[in-house]
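Q: I'd like to go over a predicted model; first the sequence, then the structure.
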Amino acid sequence: MSRFFNFFSKKTSKADTEIERFIIERFGHHPKNSELFEHALTHKSILNTSEIEISNERLEFLGDAILDSIVAEFLYARFPNEDEGYLTKIKSKVVSRNTLGTIGHDMEIRQVLRYNKNRTIKMETIEGNAFEALVGAIYLDGGYEATQRSIVNHVFRKYVNLNRILEEEIDFKSRLFIWSQKNRLPIEFEVLKEESDGANWKYLVRVNIGDREYGRGSGSSKKKAEQAAAQETLELIGEM
């Protein structure tokens with residue numbers, strides 16, 4: 001362990017300042033314990049090529065759990081009328097390896113990451129892992145509330161396109177059209193009813209495939225009703 005501290009004691013203040021600036025700019029968090037963030041930015045590939053003895057794997061494990069909790073709480077508050085199945089699907093999309101890798105890449109974590117540059121490594125993978133490790137470091141450095149503020153107010157706003165994730169996940173109408181084109185079947189969204197109580201509109205839509213009736217859906221707009229009808233139709237034809 002002493003070799004580890006000797007290694008970092010040799011680091012210039014410029015390097016420490018670079019890491020601190022990175023954390024402040026990307027996460028909005030002011031580090032108190034710089035060693036936590038040095039650990040978080042150390043990939044295991046460098047362990048055998050330097051005097052460093054601690055990688056970011058334990059912090060990655062912790063960050064994964066903390067991030068999961070923060071995202072779950074965020075989605076629970078953001079979508080009060082959705083069931084647990086919907087929330088689970090969206091959460092799995094937000095914390096997926098692909099999404100975290102993209103966040104790490106867009107943050108340019110590689111600028112401050114310590115890794116073996118002589119090895120062939122998929123950078124988005126280790127950047128995504130380092131992102132989780134940094135979440136773990138922020139949690140140990142500032143607590144849960146500080147981590148939650150950082151993720152919601154900085155990471156989500158700068159690096160997560162939640163609207164795109166939602167569109168990819170819930171655009172049932174597009175999925176149904178793709179299915180109908182693949183199977184060469186004509187599809188129609190028929191408005192069965194539209195009514196207003198003076199303040200709000202309500203639409204009822206049915207999906208017709210060929211000469212057969214399938215799913216129905218209602219909503220405060222025709223678009224929402226079509227999505228609901230498409231979702232029910234996908235379930236009926238076994239595509240969900």
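A: Looks like it came in fine.
Q: which stretch of helix or strand covers residue 136?
A: In the assignment (DSSP states H and E), residue 136 maps to helix 123-142.
Q: How about the residue most central in space within the chain, nearest residue that isn't a chain neighbour?
A: Closest to where the C-alpha atoms of the chain average out (C-alpha atoms, centre = their mean) is residue 94, at 2.3 Å. Closest residue in space to residue 94, ignoring its immediate chain neighbours: residue 71 at 5.2 Å, by C-beta to C-beta, 6 or more residues apart in numbering. Any C-beta I mention is one placed from the backbone N, CA and C, and that applies to glycine too.
Q: That neighbour and residue 110: what is the separation?
A: As judged by C-beta to C-beta, to the nearest Å, residue 71 and residue 110 stand 24 Å apart.
Q: who's more crowded, those two?
A: Set residue 71 next to residue 110 and count neighbours by other C-beta atoms under 10 Å: residue 71 wins out with 21 against 16.
Q: Is it correct that the more buried one is in contact with residue 92?
A: No. Counting by C-beta atoms under 8 Å, residue 71 does not reach residue 92; the two are 9.5 Å apart.
Q: what's the least confident helix or strand in this protein, going by average pLDDT?
A: helix 2-9 (a mean of 42; mean pLDDT, DSSP states H and E).
Q: What pLDDT is listed against the nearest residue to residue 129 once chain neighbours are set aside?
A: In this structure, residue 129 finds its nearest non-sequential neighbour in residue 60, 5.1 Å apart by C-beta to C-beta, 6+ apart. pLDDT, residue 60: 96.
Q: So what touches the helix or strand where residue 60 lies?
A: Using DSSP H and E, residue 60 falls within helix 57-78. For helix 57-78, the surrounding residues in contact (C-beta atoms under 8 Å, 6 or more residues apart in numbering) are 36, 39-40, 44, 87, 90-91, 94-95, 129-137, 139-140, 144, 147-148, 151-152, 156.
Q: how big is the angle separating the next helix or strand after it from helix 57-78?
A: As assigned by DSSP H and E, the chain's next helix or strand after helix 57-78 is helix 84-94. Using axes from the mean of the first three to the mean of the last three C-alpha atoms, to 10 degrees, the inter-axis angle of helix 84-94 relative to helix 57-78 is 140 degrees.
Q: returning to what we had before: and the contacts of helix 57-78, which of them are buried?
A: Among those, those classed as buried by 16 or more other C-beta atoms under 10 Å are 36, 39-40, 87, 90-91, 94-95, 129-137, 139-140, 147-148, 151-152, 156.
Q: low-scoring stretches of the protein, by residue?
A: In the predicted model, the chain carries pLDDT under 70 at residues 1-15, 48-52, 167-170.
Q: Recalculate using a threshold of 50.
A: 1-12 (pLDDT under 50).
Q: Can you show me the strands along it?
A: 187-196, 201-209, 212-219 (DSSP state E).
Q: closest one to residue 27 among those strands?
A: Counting by C-beta to C-beta, residue 27 lies closest to strand 212-219 out of the strands of the chain; the figure is 37.8 Å.
Q: Any buried residues in that closest one, and which?
A: In strand 212-219, counting by 16+ other C-beta under 10 Å, buried: 214, 215, 216, 217, 219.
Q: Quick one: residues contacting the last one.
A: Looking back up the chat, that one is residue 219. When contacts are counted by C-beta under 8 Å, 6+ apart, residue 219 is found next to 202, 203, 205, 225, 226, 227, 228.
Q: want to try CSV for these, with neighbour count and distance to residue 124 as columns?
A: As requested, the contacts of residue 219 are exported to CSV (neighbours: other C-beta atoms under 10 Å; distance: C-beta to C-beta, whole Å):
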residue, neighbour count, distance to residue 124
202, 15, 45
203, 21, 42
205, 24, 40
225, 25, 39
226, 22, 36
227, 21, 32
228, 21, 36
